[in-house]
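Next one to model:
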Amino acid sequence: MTAADTPSSATPDELRTTVCPGCGAVLVATPDAAGRHPGASPSCWALFSVTVRGLRDEAGQDARTAALLQLARDTYDAQHLLPGAPASAAVRLCLALERGHEPLAAAAPPERVDAAAPQGLQPPARWTTTVADLAADLDVVDLPALVGAWADVTWADWAASADELRRAADVVLTS
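Predicted coordinates:
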């Protein structure tokens, strides 16, 4: 008999789930998670933090890793947009994925991206892929491939607002 075969001693209250208000991921509730992210549940932010920890640890020594971490952050932020806030992360995804800018270049300077980003956009009602899907697939697919695919589908999920986000990206490029 393995630990997986042994009945859990956890009570139902200890295994309660929560739905992230940003991306809709259903996760085990972790109210004691360190740190917060606007628009995300503590459980979702904790999962993202753990999933990209290796990238954070290596980003200072490797420009490609730093760019991948920025793409992951932009993707996460694009799925956790606060109502009425500028859709800066979605503009950065457009710059990186459609305009060919490296994710680090697309993120700087942030004031220019924030000023151009449309406000009050309605995020998609449902996300094709969330950080929970990313974390679940880590044992079979490497993280760079997962982050790239996650960014691509998140940008595709923004299709209803893509023209407005493209215009904002063009403003960033010409200002």
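
Nearest residue to His101 in space, ignoring adjacent ones along the chain?
Excluding the flanking residues, the one nearest His101 by Cβ to Cβ, 6 or more residues apart in numbering is Leu95, at 4.5 Å. Heads up, the C-betas are built off the backbone N, CA and C, glycines and all.

How many residues are close by the one you found?
Applying other Cβ atoms under 10 Å, we find 25 residues neighbouring Leu95.

Can you list the buried residues in stretch 113-130?
Neighbour-count burial for stretch 113-130 flags 113, 116-117, 121, 123-124, 127, 129-130 (criterion: 16 or more other Cβ atoms under 10 Å).

And for stretch 55-75?
55, 59, 65-75.

center of this protein - which residue?
Tyr76 (1.1 Å; Cα atoms, centre = their mean).

Could you pull out the helices in this structure for me?
For the chain, the helices defined by DSSP state H occupy 42-51, 53-59, 63-79, 88-97, 103-106, 110-116, 131-137, 143-157, 162-174.

Give me the buried stretch members for the last one, please.
Along helix 162-174, these residues count as buried under the neighbour rule (16+ other Cβ under 10 Å): 162, 164-165, 168-169, 172.

which helices and strands sit right next to that helix?
With contacts taken as 3 or more Cβ pairs under 8 Å, 6 or more residues apart in numbering; DSSP states H and E, helix 162-174 sits against helix 88-97, helix 110-116.

Just the C-alphas of the helix or strand of the chain with the lowest mean pLDDT, formatted as PDB.
Here the helix or strand of the chain ranked lowest by mean pLDDT, DSSP states H and E is helix 103-106, holding a mean of 85. Only the C-alpha atoms of helix 103-106 are listed here, as PDB (Å, rounded to 0.1, in the frame of the first residue of the first chain):
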ATOM      1  CA  PRO A 103       9.200  40.100 -24.100                       C
ATOM      2  CA  LEU A 104      11.700  42.200 -22.100                       C
ATOM      3  CA  ALA A 105      11.700  44.900 -24.800                       C
ATOM      4  CA  ALA A 106       7.900  44.800 -25.000                       C
END
